[in-house]
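In: Got a predicted model here, sequence first, then my questions.
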Amino acid sequence: MEESRSRQATGKVTAVLTALAREGGEGRRLLDLARETGIARPTVHRILSELTEAGFVEQRPSRRYGLGPALYVLGLGAPSPVRDPDSVREIARDLARRTGDTVYVAVRRLDGVHYLIRADGAYPVRADLVEVGETVPLGATYAGIALLAGHGPEAVDARLRANHALRRTMRVPGPDLDTLRTAVGRQLVQVREYGYCFDRDSVMPGVSGMAAPVPTASGEPYLAVTLSAVTDRLPTSRVRELAPLLTAAAAAMSHATT
C-alpha cells in the first residue's frame, strides 16, 4: 500500500514537471496545470509549493509557474540524450545521399531548437536555412514545428506570436501571423496523423521542408530530422516518395538515443 502511494505521488510530480517543461518559458497557470494533468487543483498547488521551495519550480511575476534554476544544475550531471552521435550522424548522411538534399538534426532546447548535425546531398542548389551550432525559436523552422506537435494550443500560439515578433524585429521575410498560424496548424495535424510535416515557403520564401520527430520511449520527442530543399525540388509527388525515407531515418535515430 505504501509503495503504491509513493508511486502515485511520484507520478503526479513527474506529470507537473513534464507539463511545465512542455510549455517552455511562457509558464503555466495553476488552473491550466490541473486541467492538463488531471490532478486536483489543491494537490497541484501543494506539489508546486514543495518544488518551489526546492528550487525546481519558480513562480513568475505573471503568477505563472515555470521550471526553476535548480533543475539546470541537475541537468548538468545528466548524460547526453544522444547516446550514439556517430550513428545519428551516419543516418543523416545516408538520408542526404539517398535524397540528394540537405538533412538537419536538431534537439529541443527550452523555447528553441539547437542544430546538431547538417549533411548535404549532391544536388548543387541547397537550401541554407541554419548552421550547425545555431539555436532558433521553437516553431520557426520545420524541425521546431515537428516538435511542437505534442504541445497544447495555447503554447503553440504563444510560440508563433513570439517568433513572428522576432522576425519583425530582425526584418526577416515571412508570412503574416494569421497565415503562419494556418500553415503551422496544418503541419501539426500532419505530424500527429502521419509522423511528419511538410510545407512550402512558410519558414522562408523559396524553401520547402519535411520534418519528423524522433520517437522516444517516453513519448516526448526532443530530436527532429529535417529534409530541406528549394521549393522546386519538393513537389507533392516527391514528398510522398521521400516520406518513408524520412520517417525510417527518424525511427533509426531513436535507437541511438536514450
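Out: Structure received. Note that the structure is a prediction, hence the values are computed from the model and not measured. Numbers count the residues shown, from 1 in each chain.
In: Ala96: what's it in contact with?
Out: 102-103, 119-121 (Cβ atoms under 8 Å, 6 or more residues apart in numbering). All C-beta spots, glycine's among them, are computed from the backbone N, C-alpha and C.
In: Am I right that it sits in a helix?
Out: Yes. Assessed by DSSP: H, G, I helix; E, B strand; the rest coil, Ala96 belongs to a helix.
In: Tell me which helix or strand comes right after the helix or strand of the chain with the lowest mean pLDDT.
Out: Least confident helix or strand of the chain, by mean pLDDT, DSSP states H and E, is helix 153-170 with a mean of 67. Following helix 153-170 in sequence order, the next helix or strand is helix 177-194 (DSSP states H and E).
In: what does that next one rub up against?
Out: Contacts of helix 177-194 (Cβ under 8 Å, 6+ apart): 139, 142, 145-146, 148-149, 156-157, 160-161, 163-164, 174-175, 196-199, 202, 212-213, 243.
In: hmm, back to that, Asp128: which of the contacts of Ala96 is nearest?
Out: Using Cβ to Cβ, Thr102 comes nearest to Asp128 of these, at 7.8 Å.
In: Just give the nearest non-adjacent residue to that closest one, would you?
Out: Distances taken as Cβ to Cβ, 6 or more residues apart in numbering place Ser228 nearest to Thr102, at 4.7 Å, with adjacent residues excluded.
In: name the element that neighbour belongs to?
Out: Per DSSP H and E: Ser228 is located in strand 223-230.
In: Can you select the buried ones among the contacts of helix 177-194 for me in ChimeraX?
Out: In ChimeraX, this line selects whichever of the contacts of helix 177-194 come out buried by 16 or more other Cβ atoms under 10 Å:
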select :139,142,145,146,148,149,156,157,160,163,164,174,175,196,197,198,199,202,212,213,243
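In: returning to what we had before: OK, contacts around the residue nearest to Thr102?
Out: By Cβ under 8 Å, 6+ apart, Ser228 lies in contact with 101-104, 127, 129, 142, 207-209.
In: Of these, just say which sits nearest to Pro69.
Out: Tyr104 (30.0 Å).
In: which strand residues sit across from the closest one in the sheet?
Out: Beta-bridge partners recorded for Tyr104 (DSSP bridges): Arg118, Thr226.
In: That one contacts Ala143, doesn't it?
Out: Yes. Tyr104 is within contact range of Ala143, at 6.3 Å (criterion: Cβ atoms under 8 Å).
In: before we move on, which element is the residue positioned nearest the centre of the chain in?
Out: What sits nearest the mean C-alpha location of the chain, by Cα atoms, centre = their mean, is Leu147, with 2.6 Å. Under the criterion of DSSP H and E, Leu147 resides in helix 142-148.
In: before we move on, what about Pro124?
Out: Assigned by DSSP H and E, Pro124 belongs to no helix or strand.
In: and it, how many neighbours does it have?
Out: Neighbour count of Pro124, defined by other Cβ atoms under 10 Å: 6.
In: what are the ranges of the strands in the protein?
Out: Here the chain has its strands, by DSSP state E, at 57-59, 65-67, 102-109, 112-119, 135-137, 197-200, 207-213, 223-230.
In: For these, which has the smallest mean pLDDT value?
Out: Looking at those, the lowest mean pLDDT belongs to strand 135-137 (a mean of 79).
In: For that strand, name the packing helices and strands.
Out: strand 112-119, helix 153-170 (3 or more Cβ pairs under 8 Å, 6 or more residues apart in numbering; DSSP states H and E).
In: partners of that strand, with directions?
Out: Partner strands and pairing direction for strand 135-137 (DSSP bridges) are strand 112-119 (antiparallel).
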